[in-house]
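1. Sharing a model that was predicted from the sequence below.
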Amino acid sequence: MRKIDPSSSATVVMHDPRLNDPEQELVRTGDLAPAELESVLEVLEAMRRWREAEREHSEASQRYMRLGASDMRALRMLIAAGNQSLAITPSAMAGHLGISTASTTKLLDRLERGGHIVRRAHPEDRRSLVIEVTEETRHAARATVGREHARRFNVVAELSNEQRRTVADFFDAMAATAERDAV
């Protein structure tokens, strides 16, 4: 077995089934012409670069805001809800995040201590609370995550309708593969 020297520029190839599944037990590559296989690998490599860039951006945003992934998801929901004039209750937040009400309470306590949210009496149900993001956090998120989303929107907007349909179909098909694996 070869040993990779951490100081070298050698990398482990992750997506080439010719190297990772040479017996074609999982992926049949023999039916593809060499140019077709290279094209498939090019798409998989582009997806890897996208996932890596997305992960790095997400981690940078979390460090900047000093928050965890669930905290960031909660803030994104609250910002979107605020933009749509929707009142978000703790139970709605728990449902969105897929966590228990006890975990939601801890998350909201943490966000409130950090100055990211405020809890207010529900405007229509005095027994309930609504959660709102603070203006400082809204501005910070807009300057980081919002700007990144705007750049993505612009990339997609530059595609033709046919290209957008192809990309959307591709992502739907990729999401369906993950859904089948989850079962």
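-> Perfect, I can see it now. Residues are numbered from 1 along each chain as shown.
2. switch to C-alpha atoms for all contacts and neighbour counts from now on
-> Will do.
3. Okay, now the unreliable bits of this structure?
-> By pLDDT under 70, the low-scoring segments of the chain are 1-10, 179-183.
4. In it, what residue spans correspond to strands?
-> 117-121, 129-133 (DSSP state E).
5. Now those in a markdown table, please, with extra columns for distance to residue 65 and mean neighbour count.
-> A markdown table is the format used below for the strands of the chain (distance: least, C-alpha to C-alpha, whole Å; neighbours: other C-alpha atoms under 10 Å):
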| stretch | distance to residue 65 | mean neighbour count |
| --- | --- | --- |
| strand 117-121 | 13 | 16 |
| strand 129-133 | 13 | 21 |
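6. Can you say which of those is nearest to residue 102?
-> The minimum distance between residue 102 and the strands of the chain falls on strand 129-133, with 15.1 Å, by C-alpha to C-alpha.
7. which residues touch the closest one?
-> Strand 129-133 is contacted by residues 75, 78-79, 82, 87-90, 116-122 when judged by C-alpha atoms under 8 Å, 6 or more residues apart in numbering.
8. that older thread, just so I know, which of the strands of the chain lies nearest residue 71?
-> Smallest distance to residue 71 across the strands of the chain (C-alpha to C-alpha): 10.7 Å, for strand 117-121.
9. tell me which strands and helices the closest one is in contact with?
-> With contacts taken as 3 or more C-alpha pairs under 8 Å, 6 or more residues apart in numbering; DSSP states H and E, strand 117-121 sits against helix 101-113, strand 129-133.
10. again, 6 Å this time
-> The helices and strands touching strand 117-121, judged by 3 or more C-alpha pairs under 6 Å, 6 or more residues apart in numbering; DSSP states H and E, are strand 129-133.
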